[in-house]
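Q: Provide a 3D model corresponding to the input given below.
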Amino acid sequence: MSLHIEDTGGNGQPVILIHGWPLSSAAWEYQTPALNQAGHRVIAYDRRGFGRSTAPDDTYDYDTLAADLEQIIKDKDLNDVSLVGFSMGGGEVARFIGNHGEARLKNVVFASAVPPYLMQSDDNPEGPLTQEAADEFEQNLRADRDAFFESFTKDFFTADGDLKVTEEQRQHALDLCKQSSPEAALGCMEAWATTDFREDLKKITVPTLVLHGTADGIVPVEGSGHRTHKIVAHSHLCEIDGAPHGCNTSHVQDFNADLLDFLGKH
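A: Residues are numbered from 1 along each chain as shown. The predicted structure is shown next:
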């Protein structure tokens, strides 16, 4: 298994960008230049099975995905790292700390992120994802990938009934979705839908930013961002008013300003 990694190099403070599902590191195109300009060393990678990384047949659970992240940090001998996890990528941030600790970390960012626990259950009544909705999601993906991704990318960038990006930007995201392997897309869907990160979040002591759009229709801020902020008591919450799930593309100026302000202060 081989991961595709983009590394701008240099001696700046390292920032690792972890993309959402089912995109790739190319989804960070509006953040990488801004971070570089601010003096950061930016490392963005394609999760196993997505973008230009190879795709094993199985092993898409978060323990494995966090181990992939740990390997990148070790191989590059990084310290004082900022982890920025978008959507599904927020799960890697949480599980990385749960399994591997914070010794090499400086701070973390949860952007439109899935923690603490999406799936609604008896012990997680505030979970924003019902089993019925998850089952329908999976059935639609299995039945017709192209039709599913067409609909998904619209929902990804829509807030209050309006598409908040250009059609060109949506098509670019659609192309990234189609690069995912079928096994990875399904395996990671199960992972982000069903993984409980509540105990992982309790272990976070480094400075933490929770960044979320108020009109997120994929990962609602009330069921995810607000709850993560509550569990990580010292965290800082930044809400982007009227922003959809894909706020790093639709609201670039707000997203980048909040991100750079946090990284600069912490």
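
Q: from now on I want contacts and neighbour counts done on CA atoms only, so please keep to that.
A: Will do.

Q: give the rounded mean pLDDT of stretch 218-229.
A: Stretch 218-229 shows a mean pLDDT of 98.

Q: please read the previous query as pertaining to stretch 163-170.
A: In this model, stretch 163-170 has a mean pLDDT of 98.

Q: make residue 1 into 40 and carry on from there
A: Right, with 40 as the first residue, what we last looked at is stretch 202-209.

Q: flag every buried residue along that stretch.
A: For stretch 202-209, burial by neighbour count (16 or more other CA atoms under 10 Å) applies to 202, 203, 204, 209.

Q: for the residue nearest to the last one when sequence neighbours are not counted, phi and psi?
A: With sequence-adjacent residues excluded and distances taken as CA to CA, 6 or more residues apart in numbering, residue 209 is closest to residue 192, at 6.3 Å. Torsion angles at residue 192 (phi, psi; degrees, to the nearest 10) stand at phi -70, psi -30.

Q: spit out the contact partners of residue 192.
A: Under the criterion of CA atoms under 8 Å, 6 or more residues apart in numbering, the contact partners of residue 192 comprise 209, 212, 213.

Q: mind checking pLDDT for it?
A: Residue 192 carries a pLDDT value of 98.

Q: just the buried residues of stretch 202-209 now: which is nearest residue 78?
A: Minimum distance to residue 78 across these is 27.9 Å, recorded for residue 204 (CA to CA).

Q: thinking again about what came up before, what's the spacing between the residue nearest to residue 209 and residue 61?
A: 10 Å (CA to CA, to the nearest Å).

Q: looking at the residue nearest the centre of the chain now. What's its pLDDT?
A: Nearest to the mean C-alpha position of the chain, counting by CA atoms, centre = their mean, stands residue 125 at 2.2 Å. Note on residue 125: pLDDT of 98.

Q: the one 5 residues further on too?
A: We note a pLDDT of 98 for residue 130 in this prediction.

Q: do residue 156 as well
A: Taking residue 156 on its own, its pLDDT is 98.

Q: how many neighbours does it have?
A: Residue 156: 24 surrounding residues under other CA atoms under 10 Å.

Q: close enough to count as contact, residue 149 and residue 243?
A: No: counting by CA atoms under 8 Å, residue 149 does not reach residue 243; the two are 12.0 Å apart.

Q: who's more crowded, these two?
A: Shown here are residue 149 and residue 243; by other CA under 10 Å, residue 149 has more neighbours (30 against 22).

Q: how about the strands in the stretch 90-239 of the chain?
A: In the stretch 90-239 of the chain, the strands defined using DSSP state E, counting those that start in this stretch lie at 120-125, 144-150, 197-198, 201-202.

Q: quick revisit: got the buried residues of stretch 202-209 as CSV, with distance to residue 218 columns?
A: Shown next, in CSV, are the buried residues of stretch 202-209 (distance: CA to CA, whole Å):
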residue, distance to residue 218
202, 23
203, 23
204, 21
209, 15
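
Q: filter the residues you listed down to the ones in helices?
A: residue 209 (DSSP state H).
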